[in-house]
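Engineer: fold the following and give me the result.
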Amino acid sequence: MVNILRITKRYFNKITYLLLLGIVVTYHYTPPLTAEPSENKRDTVHPNPREIRHLHQEHEGFEVQIQEDEKDVDIFSSTKDDAEDEGPQSPTPKTQSREAASEPRRPAANVLLLSSIGRSGSSFLGGLLNSHPGAFYIFEPLHLLEAWHRLTEATARESFKQIFTCNIRSALLKPLMKESRFTIRNSYRSLCKSNGTCYDPVEMNRVCSQHSMRIVKTIRTRVAWLVPLLKDPDIDLKILHLVRDPRASVISAAKQWDVRPERKCANLEEDLQSGRLLNDLFPGRYMAIRYEDLCEDPDGMAKIIFSFLGYRDIPPSTLRFLRISTSTDIEKSFGIQRDTTKQQQKWRQEITAEQLRDIEGACASAIAAVGFNLFKDLETARNLSVPLYDVAKAGRFFPYYDGR
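Structural biologist: Have a look, this model is predicted:
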């Protein structure tokens, strides 16, 4: 009789357990009839992997492929309707006025500012972003990795991820600290001078995590390299791609380095095409900006940039930066103080006939892609009544362009 009771109790417990488990499973996996919009894309419910079509887009070496398997579902499965269910999205620059009255958007936690060619004004735009009171700004973290011949697509992405997740480790910390006065441009820099805590990754990561926005500025990466970072659920990343008329960039860079315009302009075009694909795959996460537009209207472009990053207003500290940095005649080769109204087309009075011939010959399609006219001869280049802008082409890569 005792044995029968024990057996009965054992099976009763198992049956009770299975019933409770069924209730829990049903609760967690039965989708609600209506779902509240998610403010975090990682929380969004995605469609079945079998419903996702195979997408293969390729352009001049840039390849993005969407596979019909589990690992790619939560990255590329959002349709237009899904985007509307995911809560407020960053508007395109053309919709700034309409979005002004909408509910607040969540500002970007991480910003990557890149330029395809050096001497394109990225230091100035980086300074503008760094004027935000919550900025943790790292300047050219790949500089020494390139000098040590350790820069690859993989090492670049890993370096960016360590900064954006405030998980900087010894492999990246060594080049950062080797030239800390060059790379570290935030409040942590004062600690480097006072007690040497720069060399403590724990302390650096603690300070990093206390800032609301981490910014990396680089001229040593390609747009196509950044796809895995945009797919990474641990990184809330937005990309600002700053470009400039290649004629201006090349003659400026030629004062310091040996520059090959063919290679630089090929990279610029490829990066712009890659950026268009990124914009299609990750709406609201990538924006190309022309340095010339920033020079012509610093306040207006600052509003567009900060709106893209999720801010309603320009911070007062950024307004002060603009007031101080855009109205001075004191200019240094690697400084950020610029009289932007003079800077915009200054190169037209500096370029030589030989430089004009060589650069326009090597970069004609890149110049057109950025939305500028070819001059072909020095007399035309010097004549400022001949317009620089090609209005018909400018909107191709720069959605904010308004015919200026």
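Engineer: now for the residue lying closest to L128 once chain neighbours are set aside: which residues touch it?
Structural biologist: Spatially, and ignoring its direct neighbours in sequence, L128 is nearest to F321 (6.0 Å; CB to CB, 6 or more residues apart in numbering). From N, CA and C alone the C-beta is placed, and that goes for glycine too. Listed by CB atoms under 8 Å, 6 or more residues apart in numbering, the contact set of F321 reads 127-128, 131.
Engineer: now these as JSON lines including distance to P399, neighbour count and secondary structure?
Structural biologist: JSON lines is the format used below for these (distance: CB to CB, whole Å; neighbours: other CB atoms under 10 Å; DSSP: H, G, I helix; E, B strand; the rest coil):
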{"residue": "G127", "distance to P399": "24", "neighbour count": "20", "secondary structure": "helix"}
{"residue": "L128", "distance to P399": "20", "neighbour count": "23", "secondary structure": "helix"}
{"residue": "S131", "distance to P399": "25", "neighbour count": "21", "secondary structure": "coil"}
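Engineer: ok, so of the residues you listed, who is nearest I305?
Structural biologist: L128 (7.7 Å; CB to CB).
Engineer: give me the helix or strand of the chain that scores worst on average pLDDT.
Structural biologist: helix 73-76 (a mean of 26; mean pLDDT, DSSP states H and E).
Engineer: what's the host helix or strand of V250 packed up against?
Structural biologist: Following DSSP states H and E, one finds V250 within helix 246-253. Packing partners of helix 246-253 (3 or more CB pairs under 8 Å, 6 or more residues apart in numbering; DSSP states H and E): helix 261-281, helix 353-370.
Engineer: can you do 10 Å?
Structural biologist: helix 261-281, helix 291-296, helix 353-370 (3 or more CB pairs under 10 Å, 6 or more residues apart in numbering; DSSP states H and E).
Engineer: buried residues, it. List them.
Structural biologist: 246-253 (16 or more other CB atoms under 10 Å).
Engineer: same check, this time on stretch 199-210
Structural biologist: Result for stretch 199-210 [16+ other CB under 10 Å]: buried residues 201, 204-205, 208.
Engineer: do stretch 345-361 as well
Structural biologist: Applying 16+ other CB under 10 Å to stretch 345-361 flags 345-348, 351, 355-356, 359-360 as buried.
Engineer: related to what we said a few turns ago, pLDDT score for the residue nearest to L128?
Structural biologist: F321 is assigned 94 on the pLDDT scale.
Engineer: now do it against L309, distance only.
Structural biologist: Note on F321: its distance to L309, by CB to CB, to the nearest Å, is 15 Å.
Engineer: and for Q355?
Structural biologist: For Q355, the distance to L309 - CB to CB - is 36 Å.
Engineer: winner for burial among the helices and strands packed on helix 246-253?
Structural biologist: helix 291-296 (a mean of 22; mean count of other CB atoms under 10 Å).
Engineer: low-scoring stretches of the stretch 101-250 of the chain, by residue?
Structural biologist: Low-confidence segments of the stretch 101-250 of the chain (pLDDT under 70): 101-105, 191, 193-198.
Engineer: that one: helices as residue ranges?
Structural biologist: 122-130, 143-147, 153-164, 170-178, 180-183, 188-195, 201-209, 227-231, 246-253 (DSSP state H, counting those that start in this stretch).
Engineer: how about the stretch 301-404 of the chain?
Structural biologist: 316-325, 340-343, 353-370, 378-382, 391-394.
Engineer: lowest mean pLDDT across those helices, which one is that?
Structural biologist: Among the helices of the stretch 301-404 of the chain, helix 340-343 scores lowest, at a mean of 64.
Engineer: ok, K217 touching R185?
Structural biologist: Yes. Using CB atoms under 10 Å, K217 is in contact with R185, at 8.6 Å.
Engineer: the two: who's more crowded?
Structural biologist: K217 (25 against 20; other CB atoms under 10 Å).
Engineer: is that one bridged to anything, and to what?
Structural biologist: For K217, the beta-bridge partners are L113, F139 (DSSP bridges).
Engineer: of the contacts of F321, which is the nearest to R181?
Structural biologist: G127 (15.6 Å).
Engineer: what distance do you get for the closest one to T221?
Structural biologist: 19 Å.
Engineer: now swap in A362 and tell me
Structural biologist: 22 Å.
Engineer: what's the domain layout of this structure?
Structural biologist: By the assignment in automatic domain parsing, the chain contains the domains 46-80, 104-338.
Engineer: tell me which of those is the most buried.
Structural biologist: domain 104-338 (a mean of 18).
Engineer: give the contact list for H132.
Structural biologist: 107, 111, 211-213, 215, 306, 309, 311, 314-315, 317-318, 321 (CB atoms under 10 Å, 6 or more residues apart in numbering).
Engineer: could you export those as CSV, including distance to E292?
Structural biologist: Below are the contacts of H132 laid out as CSV (distance: CB to CB, whole Å):
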residue, distance to E292
P107, 27
V111, 21
H211, 31
S212, 30
M213, 26
I215, 22
F306, 19
L309, 21
Y311, 23
I314, 20
P315, 24
S317, 25
T318, 20
F321, 20
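Engineer: tell me the one of the contacts of F321 nearest R290?
Structural biologist: L128 (14.6 Å).
Engineer: look up how far Q210 lies from that closest one.
Structural biologist: Distance, L128 to Q210, using CB to CB: 22 Å.
Engineer: ditto for S325
Structural biologist: In terms of CB to CB, S325 sits 26 Å off from Q210.
Engineer: ditto for L229
Structural biologist: 22 Å.
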